[in-house]
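J.: Quick one, structure for this:
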Amino acid sequence: QVRLVESRGGLVQAGGSLTLSCTASGRTFSSYAMGWFRQTPGKEREFVAAIEWRGGVTRYADSVKGRFTISRDNAKNTAYLQMNSLKPEDTGHYYCAVTALWSVAESFYHDWGQGTQVTVSS
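T.: Sure thing, here's the model as predicted:
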């Protein structure tokens, strides 16, 4: 099992930036692909971004493409989600998760962080 802890989110004005981090402990972080998901009240949790174990391949949801960047530093057991040009619709509870497979499907992710709230004001 991998234990994941997200950094604190926060309140950001529209157009602003925020970087989330996700630090892992337990099993070897570098063995897993890592993803970010988000959930807003009344909606299902949705895929945001994913990065494969070496960091060479990434995937993004269309809604964040060009604005968000996922990265990882395996030496620090940490992954990042840099969020630029934030919009009110980016508001949500953001979760990091890991998977032994390369996938953007939530069902393939087996260990999850507790999540952190990001609120974007208009």
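J.: number of nearby residues for the residue nearest to S122 when sequence neighbours are not counted?
T.: Among residues not flanking S122 along the chain, P88 sits closest, at 4.7 Å (C-beta to C-beta, 6 or more residues apart in numbering). All C-beta spots, glycine's among them, are computed from the backbone N, C-alpha and C. Neighbours of P88 under the rule other C-beta atoms under 10 Å: 11.
J.: what residues are up against P88?
T.: A14, V120, S121, S122 (C-beta atoms under 8 Å, 6 or more residues apart in numbering).
J.: Quick check: the gap between it and G16.
T.: The gap separating P88 from G16 is 11 Å, by C-beta to C-beta, to the nearest Å.
J.: Reformat the contacts of P88 as TSV; add distance to G92.
T.: TSV is the format used below for the contacts of P88 (distance: C-beta to C-beta, whole Å):
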residue	distance to G92
A14	14
V120	9
S121	14
S122	15
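J.: Give the helix, strand or coil label for V104.
T.: Per DSSP: H, G, I helix; E, B strand; the rest coil, the local secondary structure of V104 is coil.
J.: Surely it is in contact with R59?
T.: Yes. Counting by C-beta atoms under 8 Å, R59 is a contact partner of V104 at 5.4 Å.
J.: can you list residues touching both of the two?
T.: A50.
J.: Quick check: which element contains the residue nearest in space to the middle of the chain?
T.: In the chain, the C-alpha nearest the mean C-alpha coordinate belongs to W36, at 2.4 Å (C-alpha atoms, centre = their mean). Taking DSSP states H and E as the definition, W36 sits inside strand 33-39.
J.: Now for P88 and G16: what residues contact both?
T.: With C-beta under 8 Å, 6+ apart, P88 and G16 have common neighbours V120.
J.: most surrounded residue in the contacts of P88?
T.: V120 (20 neighbours).
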